[in-house]
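Student: Task: produce atomic coordinates for the following.
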Amino acid sequence: MEQPDLLKKASEQKISLSLGTALLLLLVVPLLLLLWQLRSLILLLLISVVLASSIAPVVDWAERYRIPRWLAVVLIYISLLATAVGVGLLAGPTVFEQIQRLVRQVPISLKNIYDVVENWAINFNDSRPELATDLLNQILDIQGLTRWAIRSSQQLLIRSYGVTTGILGGVLSLILSLFLSGYMVADSKTLVNNLARLLPQPWDERLAAQVMPVSNRIGSYIRGRLLVSFILSIAITVSLSALGLGDFALGLGAIAGVTNLIPFLGPILGAIPALVVAIPQGGVTFLWVVLLYVIIQNLETYILDPLLVGSSVGVHPLYQLLAVLGGTQVLGIIGALIVPPWIAGGAVLLENLYLRPKLMAERRQRLRSPTEPTETIATPVP
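Tutor: As a prediction, this is how the structure comes out:
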């Protein structure tokens, strides 16, 4: 009698599990479709949280002097906008002009590289110089390389703009992000409390307590990267002017400052235009430019990043690199900029909600476990 009952219970449990799994799948699939339709809104919220985390310490500081939070947010954004407009009016025309000349310089520099390699190949094979020329034509297609570089850049920009439906949509998304981030900072306590009420106990209190550490991690990462990029942009501009590349120094410094916001890949992307410009100047200038960017890279890695960014990332460099590559693949340039700070914020949740309680539980378990009895050697009785 017991065996049929056990089989019946097992079959009922199997049926209940299969029905539960089916219902879960029926709920998950529409949810994923809904999230996909709202991907632009989700991206907008991600950007807004990053902006809010960046200005939150300044707003908290202003609140200590009895300045309303909403007024502090307005003053901060007006100051940032005035600074951006001022810098744009002073340096913007020169930067755009130098970047346009840089774009025209790319085919000339590639042609110079081709000529150098061709002369070397002809000198290496004096008996049949036409063979070396034909081989180079097959391997190095200057026009093909130029078209590939332009096409790759266009695809990256299209992927970035495609998330926000064009340039106008990107500008509108930026304005909405500023508005949302200002609202988040101005009324952060009420917003966090209302969201925490939706969660069951004890997760409401646990997650509400993690809002401030996550915000600090994201904000410190963004502020540190901006400061490092600004310092390196100034250093590269001054150094390239000293090396005789003053006609492109300001544009190359601006490019290096923007690309350096992207971890790991940014310094390499910023160095490529400078090397392209240095090729027609001769081998000595080219070597000096290479040495300059090597020094800049080491200065950033071993001095500026530990000093200004510090341990704000809290993520292994390999995971940071994967975050940059994944964000670029999905969202283009926008993903490369906003995914790493969110990975840093997620590391705080992983550490505080899982790793630290796990280590404390293991430590308590070791303290509660009985000690191994020591073996005693009986002494013979005389």
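Student: Please count neighbours and contacts with C-alpha atoms only from this point.
Tutor: OK.
Student: For this structure, give me the ranges with low pLDDT.
Tutor: 1-20, 22, 110-171, 310-315, 369-382 (pLDDT under 70).
Student: Select the longest helix from it.
Tutor: In the chain, assigned by DSSP state H, the helix with the most residues is helix 69-124.
Student: Which elements pack onto that helix?
Tutor: helix 39-64, helix 129-139, helix 142-162, helix 166-186, helix 246-259, helix 265-278 (3 or more CA pairs under 8 Å, 6 or more residues apart in numbering; DSSP states H and E).
Student: Packing partners of the fifth one?
Tutor: Judged by 3+ CA pairs under 8 Å, 6+ apart, the packing partners of helix 246-259 are helix 69-124, helix 203-242, helix 265-278.
Student: Can you tell me which of those is nearest to Met360?
Tutor: helix 203-242 (16.2 Å; CA to CA).
Student: and the angle for that closest one with helix 265-278?
Tutor: 20 degrees (axes from the mean of the first three to the mean of the last three CA atoms, to 10 degrees).
Student: Quick check: which helices or strands does helix 203-242 pack against?
Tutor: Using 3+ CA pairs under 8 Å, 6+ apart, helix 203-242 sits against helix 39-64, helix 188-196, helix 246-259, helix 283-299, helix 333-350.
Student: and the angle for the longest one with helix 333-350?
Tutor: Orientation of helix 39-64 against helix 333-350 (the same axes, to 10 degrees) gives an angle of 60 degrees.
Student: about what we covered before: any chance of the helices and strands packed on helix 246-259 in JSON lines, with distance to Arg39 and mean neighbour count too?
Tutor: Output for the helices and strands packed on helix 246-259, formatted as JSON lines (distance: least, CA to CA, whole Å; neighbours: other CA atoms under 10 Å):
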{"stretch": "helix 69-124", "distance to Arg39": "26", "mean neighbour count": "15"}
{"stretch": "helix 203-242", "distance to Arg39": "21", "mean neighbour count": "19"}
{"stretch": "helix 265-278", "distance to Arg39": "26", "mean neighbour count": "20"}
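Student: For Gly346, which of those helices is the nearest?
Tutor: Nearest to Gly346 among the helices and strands packed on helix 246-259 is helix 203-242 (7.4 Å), distances taken as CA to CA.
Student: Can you give the distance of that closest one from its chain's centre?
Tutor: Relative to the centre of its chain, helix 203-242 is centred 11 Å away, using CA atoms, centre = their mean, to the nearest Å.
Student: what's the closest non-adjacent residue to Ala62?
Tutor: Excluding the flanking residues, the one nearest Ala62 by CA to CA, 6 or more residues apart in numbering is Ala72, at 6.4 Å.
Student: so how far is Ser54 from that neighbour?
Tutor: Noted for Ala72: a distance of 13 Å to Ser54, by CA to CA, to the nearest Å.
Student: do the same with Ser79
Tutor: 14 Å.
Student: One more: Leu325?
Tutor: Taken as CA to CA, the span from Leu325 to Ser54 is 23 Å.
Student: Show me which of those two is the more surrounded one.
Tutor: Ser54 (23 against 17; other CA atoms under 10 Å).
Student: OK, contacts around Leu325?
Tutor: Ala336 (CA atoms under 8 Å, 6 or more residues apart in numbering).
Student: So for the helix or strand harbouring it, what gets flagged as buried?
Tutor: For Leu325, the host element (DSSP states H and E) is helix 317-331. Residues Gln320, Leu321, Ala323, Val324, Leu325, Gly326, Gly327, Thr328, Leu331 are the ones in helix 317-331 that count as buried (16 or more other CA atoms under 10 Å).
Student: Next, the angle helix 265-278 makes with that helix.
Tutor: 70 degrees.
Student: ok now helix 317-331, how far from the chain's centre?
Tutor: Distance, centroid of helix 317-331 to centroid of chain: 7 Å (CA atoms, centre = their mean).
Student: One more: stretch 358-365?
Tutor: On CA atoms, centre = their mean, the centre of stretch 358-365 falls 34 Å from that of its chain.
Student: Can you pull out the residues in contact with that stretch?
Tutor: Outside stretch 358-365, no residue touches it (CA under 8 Å, 6+ apart).
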